[in-house]
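*Asks:* with the sequence up front, the predicted model follows.
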Amino acid sequence: MKTIEKAIEHQKKAEQELQAKDSVPEKIEASTEKPETDEAASDYQTAAQVHEQPTSEPEPEPEKSISYQINLKQPDLEQRGFLGISQSRTQLSEHARAIKHKLIQNAFGPLANTLRHANVIMVTSSHPGEGKTFTSINLALSIAQEQDKKVLLVDADVVRPSIHQELNFSFENGLVEYLSEDRLDVADIIYQTNIKNLKVMPAGQPHHLSAEYLSSTKMRKLAEDFAKRYADRIVILDSPPLLGVNETAILSTLVGQVVFVVEEKRSKVTDIEAAKALLPEDIACGFVVNKSSAKSMPGYGYGYGAY
């Protein structure tokens, strides 16, 4: 049985257990749980179609001045459940490492020749609040520990952004400003952090056409630039959920890999299957089972594999 089929079968059993046990909660591993803020699908509403303007290819990214550097408070991140960059091996770091190695292998191994933009990875879910941002940040922190790889973490959830809140930093411009204006270069919205191999691109300020910008010609060209300009870089797009935001499915056509976050005992099988059906058939997709109990997946809070 393929991994995706196992994940769906696992969710079916979880739903049956919840019904049989009259919603008696099970103990969940604290190391793999990071609840997101309560989000409603109604927050994701589309507006009028954005007018697309083709732009020229951006120039190579120059070094930012020190004033642009984001100082990530690593002890605070670890205290809130995120991955630390210390040398200690924790269960969470092992989970992230296993997923990371699969993504890197797909991005730079033999499979890369068969994928469009193999080093550009979208992290999504069927609905809000299932742990996609938590997963995106931890994957970025884990990849940043590689000696020969760099990672760019992009907050592409432009409708309900949260990476700048989770990492506790402020910014002048972000993805929305770049896509909606002609005055900015890509380098203006990429921020260096105090972690050597990690850079961040914030979502930007709220805009009534935020979702539509994800399906614009300029976004397509930006994705192509991500894939071609930096041969050693992994680009992680923390994206909106697939169900309820039409532009997310369009965004998935610009990436080579998708990490689909499933929250154990919450994500419904019907929603998982409906969301999966929106993805391109030729994409590499893996499932991450978030907030998994030790009994259901012994010794492993995250499960990942391609279908």
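*Replies:* Done, it's in. Since this is a predicted model, take the numbers as computed values, not measurements.
*Asks:* CA only for contacts and neighbour counts going forward, please
*Replies:* Will do.
*Asks:* any idea how far residue 94 is from the residue nearest to residue 200 when sequence neighbours are not counted?
*Replies:* Leaving aside its chain neighbours, residue 200 sits nearest to residue 153 (4.8 Å; criterion: Cα to Cα, 6 or more residues apart in numbering). Computed as Cα to Cα, to the nearest Å, the residue 153 to residue 94 distance reads 20 Å.
*Asks:* residues in contact with the residue nearest to residue 200?
*Replies:* Residues in contact with residue 153 (Cα atoms under 8 Å, 6 or more residues apart in numbering) are 136-137, 140, 198-201, 235-238.
*Asks:* farthest pair in the residues you listed?
*Replies:* Spatially, the most separated pair among the contacts of residue 153 is 198 and 238, at 14.8 Å (Cα to Cα).
*Asks:* and these two? Which one has more around it.
*Replies:* residue 238 (28 against 22; other Cα atoms under 10 Å).
*Asks:* relative to residue 288, how far out is the more buried one?
*Replies:* From residue 238 across to residue 288, the span is 14 Å (Cα to Cα).
*Asks:* how near is residue 111 to residue 105?
*Replies:* Counting by Cα to Cα - residue 111 and residue 105 are separated by 8 Å.
*Asks:* do residue 268 as well
*Replies:* Counting by Cα to Cα - residue 268 and residue 105 are separated by 30 Å.
*Asks:* tell me which of these two has more neighbours.
*Replies:* residue 268 (19 against 14).
*Asks:* what residues does residue 189 make contact with?
*Replies:* Shown in contact with residue 189 (Cα under 8 Å, 6+ apart): 173-175, 178, 201-202.
*Asks:* list just the nearest of those residues to residue 130.
*Replies:* residue 202 (20.4 Å).
*Asks:* rebuild the contacts of residue 189 as JSON lines, extending it with distance to residue 263.
*Replies:* Shown next, in JSON lines, are the contacts of residue 189 (distance: Cα to Cα, whole Å):
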{"residue": "173", "distance to residue 263": "32"}
{"residue": "174", "distance to residue 263": "29"}
{"residue": "175", "distance to residue 263": "28"}
{"residue": "178", "distance to residue 263": "33"}
{"residue": "201", "distance to residue 263": "26"}
{"residue": "202", "distance to residue 263": "25"}
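*Asks:* and the residues you listed, which is closest to residue 231?
*Replies:* Taking the contacts of residue 189 together and measuring to residue 231 by Cα to Cα, the closest member is residue 201, at 18.2 Å.
*Asks:* report the contact partners of the closest one.
*Replies:* Applying Cα under 8 Å, 6+ apart to residue 201 gives the contacts 152-155, 174-175, 189-191.
*Asks:* redo that, cut-off 10 Å
*Replies:* Going by Cα atoms under 10 Å, 6 or more residues apart in numbering, residue 201 touches 152-156, 163-164, 171, 173-175, 186-192, 236-237.
*Asks:* what do you get for residue 253?
*Replies:* 116-117, 122, 215, 220, 223, 279-283 are the contacts of residue 253 under Cα under 10 Å, 6+ apart.
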